[in-house]
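Enquirer: my questions are about this predicted structure, shown below with the sequence.
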Amino acid sequence: MERGCFLLRVRMSWVFCMILLLVCSSVMIPSSTSAAGQFTSGTYGGKTYKLYVPDHYDGNQNYPLYVMLHGCTQDATQFATGTQMNALADEKGFLVLYPEQSSSANSNKCWNWFETSHQSRGSGEPSVIAGMVQKIQSNYSIQQEQVYVAGLSAGAAMSVIMGATYPDVFSGVGVGAGLEYKAATNSSSAFSAMSSGGPDPTLQGRAAYNAMGSHADVLPVIVFHGTSDYTVKPINGDQVISQWAVTNDLSATGSEDGWIDNVADNTESLQVPSGRSYTVSDYNGQDGKVWMKKVIVQSMGHAWSGGSSQGSYTDPQGPNASRMMWEFFNGSETTDPNAPVTIATPSGGTYQDSVSVELSASEQATTYYTTDGTVPTESSQAYSSPITITEDTTLKFFSVDSNGNAESVKTEDYIIETGVPAETTTLSSIGNEDGFVGQYTADGKGTGSVKVGDKGMYNSDTYRGILSFDTSVIKESIQSAKIRLYVKTKQGTISSLQLDIKKGTFGSSSSIEQADYASTPTQYAITSFAPPTGEYVDVELPATSLSTINLSGYTQFRLKAITTAGFDPNVIEFYGGESVGFEPKLILNGNQ
């Protein structure tokens, strides 16, 4: 029965469904999260979420962000109460985001971790969750290098997917009774993985590394699993560690050379006072840091270890998973205060032809570096003179002083534009097909201007803008692309803008229609950008979205503004395609 609660969209008999609902409905739903901060609600990408902002939050300081993904049949409030993460956030000072799965997306409100459409960057639920994070980062003071994702059961399986698909967004992964990356690709194989484990974790480790693409990075991973978990068998906890050992090994050096492996470097046997016994295994990289940790709890079932009995699927007798995750992630991100601090001059960015980079330490020290994206060690090349970079390069470096104090590895990415620029192709948007659409019919729709923002009276996200291009005329390969928008009017305050892309049209045709407001794009929130301060703004499209441009028909874009709801409107209007000389442009390959 518990197994039925965990699996997502599967065919069940009527009797089985009724029994499942009776079991799930018997879980107590709490009314309070027992914390002093603010617990607010929001929406993004068709899903709701709750955000916990800790007591004494100060917008002048930067805070870590924890993204917590609930298990099946749960919601944000229930998961917050069970994990007690909000109270810990008050104590330690961080924000907590709880994305919520909808019953329309899955009848048991499980994250669809086993469906291929939800296992890649830029699509499905991973795209929505990453977009939620981006929204919170736009509205709150978040430490960009301390965003962590953790979950239980289906949420844990999805947290593994998030780490593999968005390693540039998340700085660590917490897995409570979860499964390895792509442990299943349909509902049938999901049952098999839960009971017997997924595919070879070495293969899945390579698959996760491939999913990282150009964003590949070593991530700290902590796993919790009970020996009496009969819903997701303990073999899955072992496979998560084995998968991430391969993924981290490849991310560190570009090859499977044992920089880190799935053999524990240290294992401790511990006991919760008047509670369960458990073992903690550490997995070290060649840099000496503990990058992976596995906590196996004796006799624990399918539950969040150490959680509150006021929530669902918790085991209060186990070690406190929430606190252990915080301690693990915090430790992996902390630099020795006595260590030197090294900076690269100039910092990463885009340069013409070449760039000469100097590495400067704050004190007398030896600086080690690599230029192939691998993690440097004290066996790497020592810096002695400026580094000349003539091609796209990921520079990683750190310094060690005479007392052996070492700083954490730092990364700078350099993009070198060389040779004659590719031929520029510029497409203007189609005047009578781009414009705006309101959230509700009463909010209107129209062409002439591309309007985004809110109408005031404490509403938000009232208007979304639509840009329509006929991209079938593109003949050359697409190496880069940007959209240029000319400002018409501005009113109030816009925090940021986000861009969705659709291969084809949002509605039934290329013309503006009500469905354009909420229709599912091919990729959600492909980029976020600040409101323009000048006449126009150029919005660079990420490389991962270029393949979405439709070479045999229309490509449409949807603009959304992030605002703070208030009495007065917050609106920005861009000129539409009918404004000759100021029409939106899609600029391909060149630097116009």
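Expert: Here it is on my side, so go on. None of the values given here were measured: they were computed from a predicted structure.

Enquirer: can you pull out the strands in the stretch 101-250 of the chain?
Expert: Using DSSP state E, counting those that start in this stretch, the strands of the stretch 101-250 of the chain run over residues 142-152, 172-176, 221-226.

Enquirer: reformat these as JSON lines; add mean pLDDT.
Expert: Shown next, in JSON lines, are the strands of the stretch 101-250 of the chain (pLDDT from 0 to 100):
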{"stretch": "strand 142-152", "mean pLDDT": "95"}
{"stretch": "strand 172-176", "mean pLDDT": "98"}
{"stretch": "strand 221-226", "mean pLDDT": "98"}
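
Enquirer: closest one to I241 among these?
Expert: Among the strands of the stretch 101-250 of the chain, the nearest to I241 by CB to CB is strand 221-226 (5.8 Å). C-beta: built from backbone N, CA, C; applies to glycine.

Enquirer: pairing partners for the closest one, with directions?
Expert: Strand 221-226 has its sheet partners listed here by DSSP bridges as strand 172-176 (parallel), strand 290-297 (parallel).

Enquirer: mind listing the helices for the stretch 1-150 of the chain?
Expert: 2-6, 14-25, 76-83, 85-92, 124-139 (DSSP state H, counting those that start in this stretch).

Enquirer: and the longest one, what's buried?
Expert: In other words, helix 124-139. For helix 124-139, the neighbour count (16 or more other CB atoms under 10 Å) marks 124-137, 139 as buried.

Enquirer: for the residues you listed, which one is nearest A207?
Expert: Nearest member of the buried residues of helix 124-139 to A207, counting by CB to CB, is P126, at 14.4 Å.

Enquirer: what's the closest non-adjacent residue to G254?
Expert: Closest residue in space to G254, ignoring its immediate chain neighbours: T374 at 5.5 Å, by CB to CB, 6 or more residues apart in numbering.

Enquirer: and the one you found, what does it touch?
Expert: A252, T253, G254, K396 (CB atoms under 8 Å, 6 or more residues apart in numbering).

Enquirer: helix or strand for the first one, which one?
Expert: Using DSSP states H and E, A252 maps to helix 235-253.

Enquirer: repeat that for the last one.
Expert: Using DSSP H and E, K396 sits in strand 393-401.

Enquirer: could I get the average pLDDT for the helix or strand just after that strand?
Expert: Using DSSP H and E, the helix or strand that directly follows strand 393-401 along the chain is strand 410-417. Across strand 410-417, pLDDT averages out at 78.

Enquirer: show residues contacting the next helix or strand after strand 410-417.
Expert: Toward the C-terminus, strand 410-417 is succeeded by strand 425-428 as the next helix or strand (DSSP H and E). Contact partners of strand 425-428, identified using CB under 8 Å, 6+ apart, comprise 469-471, 473-476, 577, 583-590, 592.

Enquirer: give me that answer again for 7 Å
Expert: With CB atoms under 7 Å, 6 or more residues apart in numbering as the test, strand 425-428 has contacts from F469, T471, I474, E476, G577, E583, K585, L586, I587, L588, N589, Q592.

Enquirer: same list (those residues) but as a markdown table, adding distance to A150.
Expert: Below are the contacts of strand 425-428 laid out as a markdown table (distance: CB to CB, whole Å):
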| residue | distance to A150 |
| --- | --- |
| F469 | 40 |
| T471 | 40 |
| I474 | 42 |
| E476 | 44 |
| G577 | 45 |
| E583 | 46 |
| K585 | 42 |
| L586 | 39 |
| I587 | 41 |
| L588 | 40 |
| N589 | 41 |
| Q592 | 45 |
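
Enquirer: from these, which has minimum pLDDT?
Expert: Q592 (49).

Enquirer: which one of the strands of the stretch 101-250 of the chain is the most hemmed in?
Expert: strand 172-176 (a mean of 29; mean count of other CB atoms under 10 Å).

Enquirer: next, the angle from it to strand 142-152.
Expert: Strand 172-176 and strand 142-152 are oriented at 20 degrees to each other (axes from the mean of the first three to the mean of the last three CA atoms, to 10 degrees).

Enquirer: now strand 172-176: how far from the chain's centre is it?
Expert: 13 Å (CA atoms, centre = their mean, to the nearest Å).

Enquirer: and the angle from it to helix 76-83?
Expert: With the same axes, to 10 degrees as the basis, strand 172-176 and helix 76-83 are set at 80 degrees to each other.

Enquirer: angle of strand 172-176 against helix 235-253?
Expert: Angle, strand 172-176 to helix 235-253, by the same axes, to 10 degrees: 170 degrees.

Enquirer: just for the stretch 251-400 of the chain, where's the confidence low?
Expert: 332-337 (pLDDT under 70).

Enquirer: can you rerun that using 90?
Expert: Filtered on pLDDT under 90, the stretch 251-400 of the chain yields the residue ranges 265-269, 272-274, 286-289, 309-311, 330-355, 362, 372-379, 391-394, 396.
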